[in-house]
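**Q** The following block contains a protein sequence and its predicted model.
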Amino acid sequence: MADATTAARDRLDRALSTLERKIHELKLAPVVADDDLFALPPPPSARIEDERRIAELEAAGRDASEALARAAEAVREVLSEAEADEAA
């Protein structure tokens with residue numbers, strides 16, 4: 001049981017580490033400028049860049065969600081194995 005718990009903890013640590021790394025990368029990325037009522041509309045290339053950035057953020061969110069779901073499933077497996085061992 002200790003091996004399964006350790007493996008689950010390691011998977012959780014890796015998932016959280018990946019999530020923290022992606023968040024750090026996103027924080028370092030350039031920020032979209034604030035809206036200015038009197039500013040000229042941004043060129044089409046800027047809108048393309050904004051769309052690319054939004055797509056990156058959405059992908060990072062999906063990746064983080066999937067990593068946390070895998071980690072949660074690993075924890076559930078370990079807990080069910082522990083319960084089965086205690087019942088036996």
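**A** Thanks, I have the structure now. Numbers count the residues shown, from 1 in each chain.
**Q** If you average pLDDT per helix and strand, which one of this structure comes out bottom?
**A** When the helices and strands of the chain are compared on mean pLDDT, DSSP states H and E, helix 2-28 comes out lowest with a mean of 82.
**Q** now the angle between helix 2-28 and the next helix or strand after that helix, please.
**A** Next along the chain after helix 2-28, taking DSSP states H and E as the criterion, comes helix 44-87. Using axes from the mean of the first three to the mean of the last three C-alpha atoms, to 10 degrees, the inter-axis angle of helix 44-87 relative to helix 2-28 is 160 degrees.
**Q** list the helices and strands helix 44-87 packs on?
**A** Packing partners of helix 44-87 (3 or more C-beta pairs under 8 Å, 6 or more residues apart in numbering; DSSP states H and E): helix 2-28. C-beta coordinates here come from the backbone N, C-alpha and C atoms, glycine included.
**Q** any idea how far the helix it packs on is from the chain center?
**A** Chain-centre distance of helix 2-28: 9 Å, with C-alpha atoms, centre = their mean, to the nearest Å.
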